[in-house]
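Colleague: The sequence and its predicted three-dimensional model are supplied below.
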Amino acid sequence: MSIEMTQAASAAETSRRSFEERVDWVHNIPFFAMHLMPLGTLWTGMTWNDALWCVALYYGRTFFITAGYHRYFSHRAYKLGRVAQFVMAFGAGTAAQKGPLWWAAHHRVHHRHSDTDQDVHSALLRGFFWSHVGWIICRKYRDTPLHLIRDFSKYPELRLLNRLHLVPPIFLAVICYWVGGTSVLFGGFFLSTALLYHGTFTINSITHMWGRRRYATSDDSRNSFALALLTLGEGWHNNHHYYQSTANQGFFWWEVDISYYALRLLSWLGIARELRTANARVKARRLIRDIGDPDNPRYRIRGA
């Protein structure tokens with residue numbers, strides 16, 4: 001192939017990638033609207049009841065995202081029966097973060113290629129905005145790579161829920177309006193949904209930029225106590241990247257992980273089964289304190 005043909009092919013590929021990574025304004029109208037709808041509180045006002053609804057809906061759905069979309073569908077850190085599996089998927093779906101198969105498939109790509117040029121949202125390589133929200137609203141990752149989630153895409157009810165992913169949040173919005181009118185709708189549902197977007201997104205962005213590293217991993221993942229409180233345990237992100245298939249991400253008693261505590265309760269009730277955890281030997285391996293400076297790039301171990 002001539003130099004001219006190679007350069008032309010390279011330019012075409014760059015142009016294609018540039019187009020795919022642009023914001024898809026039409027497809028993301030619901031996402032953008034969700035950020036504008038809380039302004040309705042300027043009309044309805046914001047009562048203490050609305051604020052309680054907002055907090056309850058934020059943390060209630062955070063549990064479904066962390067325990068469901070993340071620890072169950074993405075990492076299979078525990079087992080559920082088929083009915084409980086659907087309930088977990090529907091509950092997480094009310095957060096309006098697309099369907100369970102879309103969420104989990106792309107998250108698996110992130111772990112497979114974390115902080116490399118094949119990572120869907122590397123903060124290390126692409127910066128804060130891309131890792132936080134840019135990758136979500138572009139054309140490139142709009143579809144669900146079902147071949148990466150065959151273990152769950154075999155269930156027709158999950159495929160249907162993935163395709164009709166706007167149904168759960170609309171259902172919850174109707175319930176909120178029925179219970180509390182426009183006040184709870186705007187101040188409870190819409191505001192908590194917008195906040196939950198960015199609570200979830202901080203794990204993709206902030207925990208790959210700022211925080212403390214306990215384990216030498218193949219990426220730049222970091223732990224954050226503050227974000228663990230905000231996300232019910234997901235802030236222990238370096239722990240998670242070091243040992244991904246655990247139901248708990250807080251490895252030690254002082255690492256608050258409310259999602260795991262709730263999963264333990266579900267296990268006592270016989271709903272969640274076979275919760276995986278890291279044993280003492282695993283937790284004692286590959287500690288950065290044993291090998292040097294936590295900010296030294298040599299301790300991002302490729303293939304770890």
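Modeller: Everything's here; your move.
Colleague: Need the pLDDT of S10.
Modeller: Looking at S10, its pLDDT stands at 42.
Colleague: before we move on, what about R289?
Modeller: Confidence score, pLDDT, at R289: 79.
Colleague: check contacts around it.
Modeller: With contact set as C-beta atoms under 8 Å, 6 or more residues apart in numbering, R289 has these partners: R214. C-beta: built from backbone N, CA, C; applies to glycine.
Colleague: wait, is it part of a helix?
Modeller: Yes: according to DSSP: H, G, I helix; E, B strand; the rest coil, R289 belongs to a helix.
Colleague: how close does it get to R213?
Modeller: 10 Å (C-beta to C-beta, to the nearest Å).
Colleague: got the contact list for V256?
Modeller: Here V256 is in contact with 225, 228-229, 233, 250 (criterion: C-beta under 8 Å, 6+ apart).
Colleague: if we can go back for a sec, which residues are in contact with each of R289 and R213?
Modeller: In contact with both R289 and R213: no residue, using C-beta under 8 Å, 6+ apart.
Colleague: what's the burial count for the residue nearest to R82 when sequence neighbours are not counted?
Modeller: Closest residue to R82 in three dimensions, ignoring its sequence neighbours and counting by C-beta to C-beta, 6 or more residues apart in numbering: Y155, at 7.3 Å. Neighbour count of Y155, defined by other C-beta atoms under 10 Å: 17.
Colleague: what do you get for the one 4 residues further on?
Modeller: For R159, the tally of surrounding residues (other C-beta under 10 Å) stands at 18.
Colleague: Checking it next. Helix, strand or coil?
Modeller: Using three-state DSSP as the criterion, the local structure at R159 reads helix.
Colleague: How far off centre is stretch 280-288?
Modeller: The chain centre lies 25 Å from the centre of stretch 280-288; the measure is C-alpha atoms, centre = their mean, to the nearest Å.
Colleague: Compute the first-to-last residue distance for it.
Modeller: 16 Å (C-alpha to C-alpha, to the nearest Å).
Colleague: Can you point out the buried residues in whichever strand or helix holds P30?
Modeller: Taking DSSP states H and E as the definition, P30 sits inside helix 29-36. Neighbour counts over helix 29-36 (16 or more other C-beta atoms under 10 Å) mark 31, 34 as buried.
Colleague: need the next SSE after that helix, C-terminal direction.
Modeller: helix 41-44.
Colleague: For the spatially most central residue of the chain, pull up the helix or strand it's in.
Modeller: Nearest to the geometric centre of the chain sits T200, at 5.3 Å (C-alpha atoms, centre = their mean). Applying DSSP H and E as the criterion places T200 in helix 191-205.
Colleague: Work out the gap between that helix and the centre of the chain.
Modeller: Counting by C-alpha atoms, centre = their mean, helix 191-205 comes out at 9 Å from the chain centroid.
Colleague: cool, stretch 135-153 as well?
Modeller: Per C-alpha atoms, centre = their mean, the centroid offset for stretch 135-153 relative to its chain is 13 Å.
Colleague: Now do the end-to-end distance for it.
Modeller: Start-to-end, stretch 135-153 (C-alpha to C-alpha) is 23 Å.
Colleague: Residues in contact with that stretch: which ones?
Modeller: 17, 19-24, 27-28, 31, 73, 76, 99-102, 104-106, 108-109, 120-121, 126, 158-159, 162, 201.
Colleague: Now, those that are in strands?
Modeller: In strands, judged by DSSP state E, none of the contacts of stretch 135-153 are found.
Colleague: Leaving out the residues flanking it, which one is nearest to L101?
Modeller: Nearest residue to L101, sequence neighbours excluded (C-beta to C-beta, 6+ apart): N162, at 4.2 Å.
Colleague: so what pLDDT did the one you found get?
Modeller: On the pLDDT scale, N162 gets 98.
Colleague: and the gap between the closest residue to N223 other than its chain neighbours and W253?
Modeller: Of all residues not flanking N223 in the chain, N238 sits nearest, at 4.7 Å (C-beta to C-beta, 6+ apart). Distance from N238 to W253, counting by C-beta to C-beta: 18 Å.
Colleague: and if you look at T231?
Modeller: Separation of T231 from W253 (C-beta to C-beta): 19 Å.
Colleague: who has more neighbours, these two?
Modeller: For T231 and W253, the more surrounded residue by other C-beta under 10 Å is T231, and the numbers stand at 28 against 6.
Colleague: pretty sure the more buried one contacts G199?
Modeller: Yes: if you go by C-beta atoms under 8 Å, T231 and G199 touch, sitting 5.7 Å apart.
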